[in-house]
Structures are given as structure tokens and as C-alpha cells.
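Asker: Have a look at this fold, sequence not included:
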């Protein structure tokens, strides 16, 4: 990779049109880089949100599995709730 001074010196030898073309290409690459960074940030935020939701659900599941007040009606599992009629 060329040091910054060498790149700037090389640009001095180019026409304005050539420099503008290079600047446009550099800006396009910067846009792509920024889009990739933003996509990674969004993906991390989505994953963090999903993990938080999963943790909440895990806590609820644990509550329902172990809290006698919440599981007292499971003793009725399998019984018919409807009167024959």
C-alpha cells in the first residue's frame, strides 16, 4: 500500500477529470463500507433483542415450572371440564 504522500503526489499528475473519477470511486466505496457497518449494527441489535426476549421467556418458563401458585391447576390436566349434557 502506498503512503498517503505518494498517493497525493500521484494525484497531482492526473487531470481534473481523472481525479474526479477517482474521488467518485472512493466515495462509492465509502458508501458501501458505511452500509456494511450499519448492517452489522442492525444485525447485532436484532440479535440482542432476540436474546433478551428469549431470556424473558426462559424466566417465565422457569416460573411456571416451579411456582406452585402458577402450577396448581395442572393437577386437573387430563380431566374433562365439560359436563355431559
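Answerer: Looks like it came in fine. This structure is a prediction, so every number in the text was calculated from the model and none was measured.
Asker: Is residue 52 in a helix, a strand, or coil?
Answerer: Three-state call for residue 52 (DSSP: H, G, I helix; E, B strand; the rest coil): helix.
Asker: Could you list the low-pLDDT ranges of this protein?
Answerer: Within the chain, the ranges that satisfy pLDDT under 70 run 1, 62-65, 67-68, 70-85.
Asker: one more time with 90, if that's ok
Answerer: 1-5, 7, 54-85 (pLDDT under 90).
Asker: tell me which element the residue nearest in space to the middle of it falls in.
Answerer: Closest residue to the average C-alpha location of the chain: residue 43 at 1.5 Å, with C-alpha atoms, centre = their mean. Using DSSP states H and E, residue 43 sits in helix 16-66.
Asker: how far is that helix from where the chain is centred?
Answerer: How far helix 16-66 lies from its chain's middle: 4 Å, per C-alpha atoms, centre = their mean, to the nearest Å.
Asker: other SSEs contacting it?
Answerer: Applying 3 or more C-beta pairs under 8 Å, 6 or more residues apart in numbering; DSSP states H and E, one finds that helix 16-66 contacts helix 68-71. All C-beta spots, glycine's among them, are computed from the backbone N, C-alpha and C.
Asker: Look at residue 5 and give its secondary structure.
Answerer: Look at residue 5: counting by three-state DSSP, its state is helix.
Asker: ok, it - how many residues close by?
Answerer: 8 (other C-beta atoms under 10 Å).
Asker: Same check on residue 61?
Answerer: Residue 61 has 10 neighbours, counted by other C-beta under 10 Å.
Asker: how near is it to residue 50?
Answerer: Between residue 61 and residue 50 the distance is 16 Å, computed by C-beta to C-beta, to the nearest Å.
Asker: Kindly report the same for residue 9.
Answerer: Residue 9 is 50 Å from residue 50, where distance means C-beta to C-beta.
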